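**Student:** Quick one: sequence plus predicted model below, questions after.
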Amino acid sequence: MKKKTKLEIIEETAAAYNSETRAYEGGKCRYETHYGIKCAVGRCMTKAGLEVYGKSLGNVTLLERAAGGEKKFQMILKPSYRGHETHFWLNLQKLHDLRGLWGEGGLNKEGKNRAKVLKEKYKTAPPVKN
């Protein structure tokens with residue numbers, strides 16, 4: 001199975017959402033809402049991972065801790081998304097979570113700039129760990 005690069009994941013996230021489709025419930029981000037909408041990290045999690053952590057508030061640092069550390073955190077991600085450090089997932093979550101970055105058509109101008117900065121940051125990232 002081909003592992004996704006950080007750039008691919010950022011681009012997928014940018015294309016997947018708009019101001020109305022992000023996983024917000026009760027004013028807070030969830031990995032999966034009661035309606036089945038997944039956030040940027042939640043859509044990359046396994047079914048088993050979502051069953052355990054899906055209703056949790058979107059906070060990658062706490063998710064990694066709850067999972068039992070970095071290695072176990074990787075196991076709650078779908079295989080094609082594994083191998084990226086927690087800090088990357090935290091940055092991706094911030095892109096998803098900040099309401100001011102999204103409009104009806106997806107990322108707004110500020111959001112596109114934020115995504116561009118993330119892509120620049122990660123374009124020279126080392127290859128995904130196998």
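**Tutor:** Happy to help now that I have it. Numbers count the residues shown, from 1 in each chain.

**Student:** what's the neighbour count on residue 72?
**Tutor:** 12 (other Cβ atoms under 10 Å). All C-beta spots, glycine's among them, are computed from the backbone N, C-alpha and C.

**Student:** where do the helices sit along the chain?
**Tutor:** For the chain, the helices defined by DSSP state H cover 6-16, 47-53, 60-67, 70-75, 86-97, 109-122.

**Student:** Just checking: what are the partner strands of the helix or strand bottoming out on mean pLDDT in the chain?
**Tutor:** For the chain, using mean pLDDT, DSSP states H and E, the weakest element among its helices and strands is strand 24-25, scoring a mean of 80. Strands that pair with strand 24-25, judged by DSSP bridges, come out as strand 28-29 (antiparallel).

**Student:** what's the nearest residue in space to residue 37 that is not next to it in sequence sitting at in phi/psi?
**Tutor:** Nearest residue to residue 37, sequence neighbours excluded (Cβ to Cβ, 6 or more residues apart in numbering): residue 23, at 4.7 Å. Here is the backbone geometry of residue 23 (degrees, to the nearest 10): phi -80, psi 70.

**Student:** list the contacts for residue 23?
**Tutor:** Applying Cβ atoms under 8 Å, 6 or more residues apart in numbering, we find residue 23 in contact with 29-33, 37-39, 42, 58, 96.

**Student:** same thing with residue 106?
**Tutor:** Taking Cβ under 8 Å, 6+ apart as the test, what residue 106 contacts is 14-15, 17-18.

**Student:** Determine the number of other residues adjacent to the closest residue to residue 45 other than its chain neighbours.
**Tutor:** Leaving out its chain neighbours, the residue that sits closest to residue 45 by Cβ to Cβ, 6+ apart is residue 76, at 5.5 Å. When neighbours are counted by other Cβ under 10 Å, residue 76 registers 24.
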